[in-house]
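Colleague: I would like to see how this sequence folds:
(chains A and B)
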Amino acid sequence: MSVIFELSKANRRCAVFPDRGVHQYKLSDGHVRKNLELPEVAEVDLVRHYMGLSRKAFGVDNGFYPLGSCTMKYNPKINEEVAALEGFNEIHPLQPASTVKGALKALKQLQDALCDLTGMDAMTLKPAAGAHGEFTGMQIIRKYFVSNGMPERNEVIIPDSAHGTNPASAAMNGLKVVAVKSNENGGVDLESLQAAVGEHTAALMLTNPNTLGLFDENIQEITRIVHEAGGLCYYDGANLNAVMGLVRPGDIGFDVIHLNLHKTFATPHGGGGPGSGPVGCKSFLAKHLPEPVIGENGFENSEDSIGSVRSFYCNFLVCMKALTYIKVMGADGLKLASENAVLNANYLLHKIKDIYDVSYDRVCMHEFVLSLQRLKDETGVSAKDVAKALLDFEIHPPTMYFPLIVHEALMFEPTETESRETLDRCAEVLRHLHGLAYSDPEYFKGVPHSTVVSQCDEVRAARNPVLRYEKDTEASA
Amino acid sequence: MSKYIVNSSEEQQEMLDELGCASFAELFRKAGVLGAPQLSIPEGVTEFEAYRDMAALAAENHVFKHVFRGAGSYKHFIPSAVKNIVSRNEFVTAYTPYQAEVSQGILQGIFEYQSMMCELTGMDVSNASVYDGGTAAAEAVMMCVDRKHHKILLSRGINPEYRKVVHTYHQFSDSIEIEEFGTDFEVDSNTAGVFVQYPDFFGNIPDLVKIKEKAGDAKLVVIANPTALGLLEAPGKLGADIVVGEGQQLGMPMSFGGPYLGFMCAKEKLVRQLPGRIVGQTVDKDGKTCYTLTLQAREQHIRREKASSSICSNEALCAFTAAVYLAAVGPKGLYDVADTSFQLAHYLADRLNEIGLSVVNKGEFFNEFVTECPIDSKELMKHLYEKDILGGLLLSNNRILWCATEVNTKEEIDWLVDVIREVL
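Modeller: Numbering: from 1, shown residues only, chains lettered A, B, ... in the order given. Here you go, the predicted structure:
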């Protein structure tokens, strides 16, 4: 398919702008742009080009998306309609507080609901994504120790099963990362943790349920060990979809938390963003939240704040979508969502675990991890081959090769918004592929077979990067 | 029950039975979760009720009919085709395009975005976006510093929101020093980068060629207004090494500050320092042109604590929107938007000067400028609010930062001036 630059014809126009009748002002020649080569296309060409691209994209609305750790649940359409309201869209971030009362009230409602759900005392909606929330949370923890005269507490303990964003967010704030091993049940190894904590411990960063989809039964013991050593506990809310209305991180010893509105609260992922990564904390840390915070009279700043982690306040429209979702769901609906997320994951696992090896065989939470090491050893068919083969059945592949501690890992997260038939069919397809791996391993050589492209050459893309269209050297040649 | 849960209560029970669990409580007990907290969030309501509730909140906000405020968030016209295209569910509900085979549409769209941003800024490479203008500036700091160069010089002409973010981001770094400067600066052997805004927060158009000469070996980082680049020379042609900024102007509403678009472009030699996702063109097993995420060895999921940035989710749909907007307006449309904004701002400046709000800017400016007000600016603003006008931003008791864009008209400006004259 052509890139849009190739559709360009001189003097074709889509959007045209009114002549305001003022033309007398001149910019000096040195400042004036000489050349700008953007596409020149008519509206119908523009629309058809992008409709062409839309046919080559795959969202939750196209089909099953069991991408582990990403919580690809259905995105209700009412949320989009709410976010398009003029009263939310057409307000300037620097309008006087008296003219944005509804926006402030809505943000406060969202903060309060998220505090209630997580057992936190204060919340900021400022971070634009999960990793941005982690970064903010790490800043709050660093600020707390530095301002309390304990700058030497500069180590963050992170399990080896953690998302890569955890160590990266800690390191960006000058914190040293100490990795701890997982135990035979996929949880934090208590002895390793005990050995890792000490007078340099700033925090433990933990995802629970962890990235294997397992709830750590020692959780209270874990947070106690960290607190006794003088450290704080940070909860990565990536997997909150498993425990809404069932477990509050604030009740089991966590001091700081981030959430992902684009996972747990059903706002769409947009092909990679925008998201929203609110950060909550206990009251003793609240004064360090990024500025501004929403007080009784609108925005307020605190002298002890870490400062500002982005312009203005938050990904406001994403927050409005999440608030709408919470209103519709309510306390009852959120709990039901987590219950069904866990039920669906266990149901799918139950349908395949007689032939696939599960990384840890116990009742999982909202996701589970298979290890295809044995399949690979016996047939040569890898986790990636099976994942790619799912595409021919219009199932989005699960997360591959994560967490790093499981060999040939495939991580499935079906979410609560999928039917039993969808899960049954996915199980059938996985069983079919398992059989094929033994009967016809050659089948996997060319997977996927039915997609518009197959097996993109990633090595070539990295060795000879072509990162923009250039008229003269059309790379397709 | 709907709550977007598909299976009926009966089906849920059947599935539980199949798992050998009598109830959800038993399922969770087996998973290691005991008990449940009492929440104070109210019970859920129907969509009809939730919509009414949200619409009432929206109605409590005042949408100003006449806007003369910018300062980092701008009211521009958004073509209907742009809004329509970017609301396609295939784009909206997709994840990050890890699976290239079913993500060619998004990958190509981002590749086209990267290409357009390079063209607009005069740079060689672009990433697939970061959170916003402020975080783009903060991330650019990491692109400049190395073992021998730790100091960043930040112009006070940069939007104060962005400067605050830059300071916050690097406050716990052991090595990075950030210094601000007013009109002039001096580099030394430790200087890693010089950051300026183009046009600056007060609307002034800095002389980038001169600044680059003065910066010497330090990298010149230009925080650019992409709309202005429809009229102004590309920073890449004037010596910039890195061009970053806020892309909200390219098809996104003001929406109380977000979601917006942080764009980051650079010279080719800096590509491996560029944070975040990057899309590259390649071929598939049959030699067909295709697109994929590339150069991932820089990113957090590979490098973990050694990555220079932790960014994972970005603002992909906003980047996509910017590309659709740029294609919809084309080079002539972007010029018209920029030139009309420039013309109307200058007309507004002349008219305000006439009635005693003297313009402070000394050199050339784009579509924003500062006036000194002979009366208390706060009183003046209140008067304007009553007439449904969002006047310029108050910088101090007597200084106001004004803005005009193509959505304003000459008649509207004449009327604004009459309204101001009533209280002078």
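Colleague: Show me the domain layout of the chain.
Modeller: No chain was given, so I picked chain A. A:4-53, A:78-325, A:337-460 (automatic domain parsing).
Colleague: other chain: chain B
Modeller: If you go by automatic domain parsing, chain B breaks into B:66-76+B:330-421, B:80-323.
Colleague: Looking at the ones you listed, spot the one closest to chain A.
Modeller: When the domains of chain B are ranked by distance to chain A, counting by Cβ to the nearest Cβ, first place goes to domain B:80-323 at 2.9 Å. (C-beta placed from N, C-alpha, C; glycine too.)
Colleague: and the closest one, how far out from the chain's middle?
Modeller: Using Cα atoms, centre = their mean, to the nearest Å, the mean C-alpha position of domain B:80-323 is found 10 Å from that of the whole chain.
Colleague: ok, back up a step: return the most buried member of the domains of chain B.
Modeller: domain B:80-323 (a mean of 23; mean count of other Cβ atoms under 10 Å in any protein chain shown).
Colleague: what's the straight distance from one end of it to the other?
Modeller: 14 Å (Cα to Cα, to the nearest Å).
Colleague: again with stretch B:216-233
Modeller: The first-to-last residue distance of stretch B:216-233 comes to 21 Å (Cα to Cα).
Colleague: right, is it up against chain A?
Modeller: Yes - using Cβ under 8 Å from any Cβ of the partner chain, stretch B:216-233 reaches chain A at B:Leu229, B:Gly230, B:Leu231, B:Leu232, B:Glu233.
Colleague: Of those residues, which pair is most distant in space?
Modeller: Maximum pairwise distance in these, criterion Cβ to Cβ, is 11.1 Å, between B:Gly230 and B:Glu233.
Colleague: is the one helix or strand in chain B whose mean pLDDT sits lowest anywhere near chain A?
Modeller: The weakest-scoring helix or strand in chain B, judged by mean pLDDT, DSSP states H and E, is helix B:300-303 (a mean of 85). Yes - interface with chain A: helix B:300-303 contributes B:Gln300, B:His301, B:Ile302, B:Arg303 (Cβ under 8 Å from any Cβ).
Colleague: Run through who's touching that helix.
Modeller: Helix B:300-303 has contacts (Cβ atoms under 8 Å, 6 or more residues apart in numbering or on different chains) with A:131, A:163-165, A:167-168, A:402, B:296-297, B:307, B:309-312.
Colleague: which stretches of the stretch 101-250 of chain B form helices?
Modeller: For the stretch 101-250 of chain B, the helices defined by DSSP state H, counting those that start in this stretch cover B:104-121, B:133-144, B:160-169, B:208-215.
Colleague: Name the residues that touch the longest strand seen in chain B?
Modeller: For chain B, the strand that runs over the most residues, judged by DSSP state E, is strand B:191-198. Contacts with strand B:191-198, where a contact means Cβ under 8 Å, 6+ apart, come from B:137, B:140-141, B:143-146, B:149-155, B:157-159, B:162, B:166, B:185, B:187, B:205-206, B:208, B:211, B:214-215, B:218-225, B:228, B:232, B:235, B:241-242.
Colleague: Low-confidence stretches in chain A?
Modeller: Along chain A, segments meeting pLDDT under 70 span A:472-477.
Colleague: switch to 80 and redo it
Modeller: For chain A, applying pLDDT under 80 flags the ranges A:184-186, A:296-297, A:472-477.
Colleague: most residues in a single helix of it, which one?
Modeller: helix A:316-352 (DSSP state H).
Colleague: A:Pro127 touches A:Arg310, doesn't it?
Modeller: Yes - using Cβ atoms under 8 Å, A:Pro127 is in contact with A:Arg310, at 7.2 Å.
Colleague: Residues in contact with both of these two, list them for me.
Modeller: Joint contacts of A:Pro127 and A:Arg310 (Cβ under 8 Å, 6+ apart) do not exist.
Colleague: A:Ala103 versus B:Glu60, what's the distance?
Modeller: From B:Glu60 over to A:Ala103 the distance is 8 Å, taken as Cβ to Cβ, to the nearest Å.
Colleague: what about these two, which has more around it?
Modeller: Neighbour tally, B:Glu60 and A:Ala103, criterion other Cβ atoms under 10 Å in any protein chain shown: the higher count belongs to A:Ala103, 28 against 15.
Colleague: Now the more buried one, what are its backbone angles?
Modeller: phi -70, psi -40 (degrees, to the nearest 10).
Colleague: ok, now which ones touch it?
Modeller: Contacts of A:Ala103 by Cβ under 8 Å, 6+ apart are A:Phe88, A:Ile91, A:Phe316, B:Leu57, B:Glu60, B:Asn61, B:Phe256.
Colleague: now with 6 Å?
Modeller: B:Asn61, B:Phe256 (Cβ atoms under 6 Å, 6 or more residues apart in numbering or on different chains).
Colleague: With B:Ala58 as the reference, measure out to it.
Modeller: 8 Å.
Colleague: Then A:Val447?
Modeller: Distance from A:Val447 to B:Ala58, by Cβ to Cβ: 48 Å.
Colleague: Run a quick neighbour tally on B:Thr46.
Modeller: B:Thr46, neighbours per other Cβ under 10 Å, totals 11.
Colleague: err, B:Ser9, not the other one
Modeller: That count, for B:Ser9 with other Cβ under 10 Å as the rule, works out to 10.
Colleague: SS state for B:Tyr291?
Modeller: At B:Tyr291 the chain is in strand, as set by DSSP: H, G, I helix; E, B strand; the rest coil.
Colleague: excluding its backbone neighbours, what's nearest it?
Modeller: B:Leu107 (3.6 Å; Cβ to Cβ, 6 or more residues apart in numbering or on different chains).
Colleague: For that neighbour, list the residues it contacts.
Modeller: B:Leu107 neighbours (Cβ under 6 Å, 6+ apart): B:Pro97, B:Val279, B:Tyr291.
Colleague: can you pull up the bridge partners for the second one?
Modeller: Taking DSSP bridges, one finds B:Leu293 as the beta-bridge partners of B:Val279.
Colleague: thinking again about what came up before, CA atoms of the longest strand of chain B as PDB?
Modeller: C-alpha atoms of strand B:191-198 as PDB (Å, rounded to 0.1, in the frame of the first residue of the first chain):
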ATOM      1  CA  THR B 191      27.900  22.100  28.700                       C
ATOM      2  CA  ALA B 192      25.900  19.300  27.100                       C
ATOM      3  CA  GLY B 193      23.000  21.200  25.600                       C
ATOM      4  CA  VAL B 194      21.400  24.600  25.200                       C
ATOM      5  CA  PHE B 195      17.600  24.600  25.200                       C
ATOM      6  CA  VAL B 196      15.500  27.400  23.600                       C
ATOM      7  CA  GLN B 197      11.900  27.700  22.600                       C
ATOM      8  CA  TYR B 198      10.900  28.800  19.000                       C
END
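Colleague: Tell me the neighbouring strands of it, and mark each as parallel or antiparallel.
Modeller: Here, using DSSP bridges, strand B:191-198 pairs with strand B:151-155 (parallel), strand B:219-224 (parallel).
Colleague: Quick check: A:Ala266 touching A:Tyr325?
Modeller: Yes - using Cβ atoms under 6 Å, A:Ala266 is in contact with A:Tyr325, at 4.7 Å.
Colleague: What sits closest to residue 340 if chain neighbours are left out?
Modeller: Went with chain A since none was named. A:Glu416 (3.6 Å).
Colleague: Chain B, not that one
Modeller: B:Glu406 (4.1 Å).
Colleague: check contacts around the one you found.
Modeller: Here B:Glu406 is in contact with A:Phe17, B:Val337, B:Thr340, B:Ser341 (criterion: Cβ under 6 Å, 6+ apart).
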